[in-house]
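> need a structure here:
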Amino acid sequence: MAHPVLIIAAVAEELTGLHKRLGQPSLGHKAARLMCRGHLAGTAVHLLETGPGQINTARALTAYIESERPALVIQTGCAGGFDGAKLALGDIGIASREINAQWGIENPGEAPVVSPFSFNILKKGDAKIQDSYPMESELVENTRFVLHQAFAVTGVKVAVGPFITVSTITASDTSAEKYYRKYRALMENMEGAAAAHICIHYGIPFLEIRSVSNRVGLRCKKMWDLPLAFRHGSRAVYTVVEAIGSGKIRI
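Sure, this is the predicted structure:
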């Protein structure tokens with residue numbers, strides 16, 4: 001593979017497990033963000049901390065792609081899991097599409113849920129995006145198969161489904177229920193739609209793999225487990241990179 005796999009996350013802790021496994025590491029910067037080059041399971045990878053939120057993600061990812069083209073972008077990290085998706089702390093989610101859930105037209109009385117714009121935000125080839133960014137189904141399914149095999153003996157669930165991206169973190173059960181009823185989403189995060197947008201724009205394959213750190217809804221940090229989500233997310237990404245190197249996943 002001539003080009004590296006780029007692995008991005010919002011904060012450094014979400015990449016720590018991968019940094020520890022990185023062979024021949026070399027530190028640098030892109031868009032004033034920390035980046036590390038090296039190898040995972042024999043595959044060339046770059047690890048990039050983008051900063052939290054859509055603006056930071058779009059800025060860092062665009063700056064990277066404008067200077068060097070990755071073979072694949074994998075976005076990882078923790079996320080909130082929706083009760084309706086029946087995911088436990090530490091379970092793994094793979095996005096089948098990313099929905100920019102706060103980008104659209106206000107629905108009076110239905111806040112925070114909005115309707116999509118009546119115009120396209122992005123047009124690229126056959127893709128016409130209003131608020132929902134589709135993933136490559138074969139890549140997603142192959143990833144699901146590999147991760148299901150890897151985590152089956154541990155009891156960790158691996159699920160595929162929609163993710164939603166928000167800029168305002170959901171902090172009430174009422175809002176969480178409205179989002180789930182509208183989108184049937186697995187997870188809520190703050191960066192996925194931005195990364196999907198940039199990757200579609202540049203024609204680069206994209207995967208989003210996250211681990212549940214908390215439930216979406218009323219905030220109770222005593223019930224969170226960030227370290228568990230960081231560990232499982234890193235392990236999932238390492239497994240995928242290993243599968244890419246062995247040819248089990250083709251990009």
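> Can you check the pLDDT for the closest residue to residue 65 other than its chain neighbours?
In space, and not counting its chain neighbours, residue 65 is closest to residue 202: 5.2 Å by C-beta to C-beta, 6 or more residues apart in numbering. To be clear about C-beta, it is placed using only N, CA and C from the backbone, and glycine gets the same treatment. Looking at residue 202, its pLDDT stands at 96.
> likewise residue 33?
78.
> Tell me if I'm right that it and residue 46 touch.
No. Residue 33 sits out of contact with residue 46 when judged by C-beta atoms under 8 Å, with a separation of 11.4 Å.
> Looking at those two, which one has more neighbours?
Remark: of residue 33 and residue 46, residue 46 carries more neighbours, 21 against 18, as counted by other C-beta atoms under 10 Å.
> Need the three-state assignment for that one.
With DSSP: H, G, I helix; E, B strand; the rest coil as the basis, the three-state label of residue 46 is strand.
> Please tell me I have it right and it contacts residue 35.
Yes. A contact is recorded between residue 46 and residue 35 when judged using C-beta under 8 Å, the distance being 6.0 Å.
> Pull up the overlap in contacts between the two.
Counting by C-beta atoms under 8 Å, 6 or more residues apart in numbering, the common neighbours of residue 46 and residue 35 are residue 64.
> now that we're looking at the most centrally placed residue in the chain, which residues does it contact?
The centre of the chain sits closest to residue 208, judged by C-alpha atoms, centre = their mean, with a distance of 3.2 Å. Each residue near residue 208 by C-beta under 8 Å, 6+ apart is listed here: 74, 75, 76, 94, 95, 98, 135, 163, 192, 195, 196.
> what about the residue nearest to residue 65, how many neighbours?
Residue 202: 16 surrounding residues under other C-beta under 10 Å.
> roughly how far apart are it and residue 18?
Counting by C-beta to C-beta, to the nearest Å, the separation of residue 202 from residue 18 is 23 Å.
> What segments of the stretch 151-251 of the chain are strands?
Counting by DSSP state E, counting those that start in this stretch, one finds strands in the stretch 151-251 of the chain at the ranges 158-165, 187-189, 206-215.
> on that earlier part again, I'd guessed the residue nearest to residue 65 sits against residue 70; true?
No. Contact status for residue 202 versus residue 70: not in contact, 9.5 Å apart, counting by C-beta under 8 Å.
> follow-up on the earlier one: would you format the strands of the stretch 151-251 of the chain as a markdown table with distance to residue 83 and mean pLDDT included?
Putting the strands of the stretch 151-251 of the chain into a markdown table (distance: least, C-beta to C-beta, whole Å; pLDDT from 0 to 100) gives the following:
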| stretch | distance to residue 83 | mean pLDDT |
| --- | --- | --- |
| strand 158-165 | 14 | 98 |
| strand 187-189 | 12 | 98 |
| strand 206-215 | 6 | 98 |
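> can you pull the contacts of residue 103?
Listed by C-beta under 8 Å, 6+ apart, the contact set of residue 103 reads 114, 117, 121, 131, 193.
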